[in-house]
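Visitor: from the sequence below, what's the structure:
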Amino acid sequence: MIKMRADSCLSFAVQTLPDIAALRRLYALPHDLSDFEVAEYAFQRQRVKTGHADLPAHLCQIRQIVLLAYAAEGGFTLQSFAAPALSESLILQKASQALGCFKGQVSYWDEGGLLPLLRCRVHAQVLGPQAGQEPLLPRQDWLDLAQACGVAGINLREFSIAMPGLLPDSFVLAPNDDPWRLWLARKYDTDLILGVQVAVLSHYALLRHQLVMGCIDTEQYQTRGQQLARLI
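Guide: So this is what the prediction gives:
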């Protein structure tokens, strides 16, 4: 069993894009097809195969990693490593360095492929351990919040809306826009806000779990929830 730490904890969120270069090679698509057309072709194949358009890990690339850390003595710290400012390789390296400096509880909400995605992309970027550091790969003490809450496979946004009292009244969910279309429209700021919101929602789920497990009391839960609401 993973030992819970309420004094030092971190929520880990990853946002992805279709790996257009890989899709072009895999399906031998014409070079004159736009990125949008390549992605739509892959989405349609996936819908026929599985009934949804979520691409498997090996056909995605990471566009953003968000680390939302809480420390009892310092409050919340938010770090976002994202494209287009950073390449995928740099996103992975910087997130790995930040995680290497964090000694508390790491949690994430796995919606069906976060861990395979990380392993796949670390391998694709040929990233090994840095001097004195571990690569960005999950340790055994990472906490899968969806599994811990008994709702594996459930979308985090839907869980947050459905769970009474999880979100404070002051928190307003951003519109559930399609990140891929935002990316194509170069609306990077809006896209990055959605990534940060995933990390915040994950931390709300973590708070709820800590409350149920008796790691924090109701007053601590409400106080930290109000602090979280101010991050968006």
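
Visitor: quick check: Ala6 touching Ile216?
Guide: Yes. With contact defined as Cβ atoms under 8 Å, Ala6 reaches Ile216; the gap is 4.9 Å. C-beta: built from backbone N, CA, C; applies to glycine.

Visitor: can you work out which residues contact both of the two?
Guide: Gln210 (Cβ atoms under 8 Å, 6 or more residues apart in numbering).

Visitor: tell me where the model's unsure across the chain.
Guide: Low-confidence segments of the chain, defined by pLDDT under 70: 1-4, 111-112, 126-140.

Visitor: what's stretch 13-20 in contact with?
Guide: Stretch 13-20 is touched from outside by 35, 38-39, 42-43, 55, 58-66, 68, 82-83, 108-109, 114, 117-118, 179-180, 183, 191, 194-196, 198-199, 202, with contacts defined as Cβ under 8 Å, 6+ apart.

Visitor: no no, stretch 222-232
Guide: Outside stretch 222-232, the residues that touch it by Cβ under 8 Å, 6+ apart are 68, 70, 75-76, 78, 167-168, 170-172, 174, 193, 196-197, 200, 203-204, 207, 216.

Visitor: now the residues you listed: which count as buried?
Guide: For the contacts of stretch 222-232, a burial check counting by 16 or more other Cβ atoms under 10 Å picks out Leu68, Tyr70, Phe76, Leu167, Phe171, Val196, Gln197, Val200, His203, Tyr204, Leu207, Ile216.

Visitor: return the subset of the residues you listed lying in helices.
Guide: With DSSP state H as the criterion, helices contain Val196, Gln197, Val200, His203, Tyr204, Leu207 from among these.

Visitor: three-state assignment of the residue nearest to the second one when sequence neighbours are not counted?
Guide: Read it as Gln197. In space, Gln197 comes closest to Ala174 once its chain neighbours are excluded; the distance is 5.4 Å by Cβ to Cβ, 6 or more residues apart in numbering. On the three-state scheme (DSSP: H, G, I helix; E, B strand; the rest coil), Ala174 is labelled coil.
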